[in-house]
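> I'll drop the sequence and a predicted model, then ask my questions.
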Amino acid sequence: MTPDAIVALGRRVVDLETEALAEVGRRIGPGFVRAVELITAARGRVIVSGVGKSGLIARKIAATLTSTGTPTSFLHPTESVHGDLGIVGSDDVAILLSKSGDSEEILTLLAHLKRFGTRTIAITGNPASTLGRECDAVLDAWVREEACPHDLAPTTSTTAALALGDALAVVILEQKGFRREDFARIHPGGALGRKLLMRVQEVMEDHDLPLARVETPIREAIMRLAKRRGIVVVTDDQARVVGVITAGDLTRHMERVVDPFDGTIGAVMTPKPQVAQHQELASAVVYRMEQIGIMAMPVIDEAERVVGVVHLHDLMRAGVA
């Protein structure tokens, strides 16, 4: 094959899978809602199963659900009838993957799950199949064709099943109120865990802080803003935050008055600003900054005294944002 032909074939595969995913997304509907309801209401665990390539996708779905706060186990359909059914109970929900919906191993497992009273969800390319008809909820993973030139090797169909599994996991974590802090708690290892568990005090600026009082002249505030990365923290006699002044505050002040350099910070500052606790998770502060639309925040200790300033740019460099 020529280089151009290689590129063209690679693009064809990606285009086919993109098209298939768009179509699968359009078919998400009541069956998806029912599947989410079954999983969020379950008092037991989620069991995911599939054969062959579907089994590999099932393992990934199980891993994603587990990592986002839903206890999940992969169950091999063949091994299940040789003792592994011992992990299944009536309080569980099972997600069964099969492109055809008529895989003998999956249908055998389905029969045993029905006997246990386990609720079942099908992810199948044929909702009218035996699996689709017999499960409590069905996710339609039909695709027009596989990306394989012979329309044989599972490619587009496994991508569709994987996307539906990811969609389930994300909606369920939202339903359960799963937070960044929860993610950090169950991912303590490696660089990801270290970043998610980082505290504000590890990232904040804590020397020569840009502090001022309400009686500080505006002219001085402008000089401090220019030197100290766009924020001045206004404090009282006990070093507690009473306000902040930013470049935005100064701009709005200049638009309102004839002489913008006349007056004190107290007339310009934003009172009662958002603050961060020094022991707070840095990831939580990033979220608040993004929601509010600010670039820096004063940091206080248990006594509500200013101990630092945290900047979004520092959080980004630390890999938290």
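Ah, there it is. Numbering: from 1, shown residues only.

> shaky segments in this protein?
81-83, 151-152, 179-196, 228-229, 321 (pLDDT under 70).

> walk me through the domains of it.
3-178, 200-317 (automatic domain parsing).

> now the end-to-end length of the shortest one.
So the one you mean is domain 200-317. 13 Å (C-alpha to C-alpha, to the nearest Å).

> mind listing the strands for this structure?
Taking DSSP state E as the criterion, the chain contains strands spanning 46-50, 72-74, 93-98, 119-124, 137-140, 211-212, 231-235, 241-246, 270-271, 276-277, 296-300, 306-311.

> thinking again about what came up before, save the domains of the chain as TSV, and put in mean neighbour count too.
Heads up, the C-betas are built off the backbone N, CA and C, glycines and all. Output for the domains of the chain, formatted as TSV (neighbours: other C-beta atoms under 10 Å):
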stretch	mean neighbour count
domain 3-178	18
domain 200-317	17
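
> that older thread, figure out which of the strands of the chain is closest to Asp15.
Closest of those to Asp15 is strand 137-140, at 21.1 Å (criterion: C-beta to C-beta).

> strand partners (parallel or antiparallel) of that closest one?
For strand 137-140, the paired strands and their directions (DSSP bridges) are strand 119-124 (parallel).

> what sits against Glu17?
If a contact means C-beta atoms under 8 Å, 6 or more residues apart in numbering, then Glu17 has 147, 155-156, 159 as its contacts.

> let me fix that: Pro77
49-51, 55, 103, 105-106, 108-109.

> redo these as CSV? Include distance to Leu97.
Converted to CSV, these look like this (distance: C-beta to C-beta, whole Å):
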residue, distance to Leu97
Ser49, 7
Gly50, 4
Val51, 8
Gly55, 8
Ser103, 9
Glu105, 11
Ile106, 8
Thr108, 15
Leu109, 11
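
> closest to Gly86 out of the residues you listed?
Leu109 (13.6 Å).
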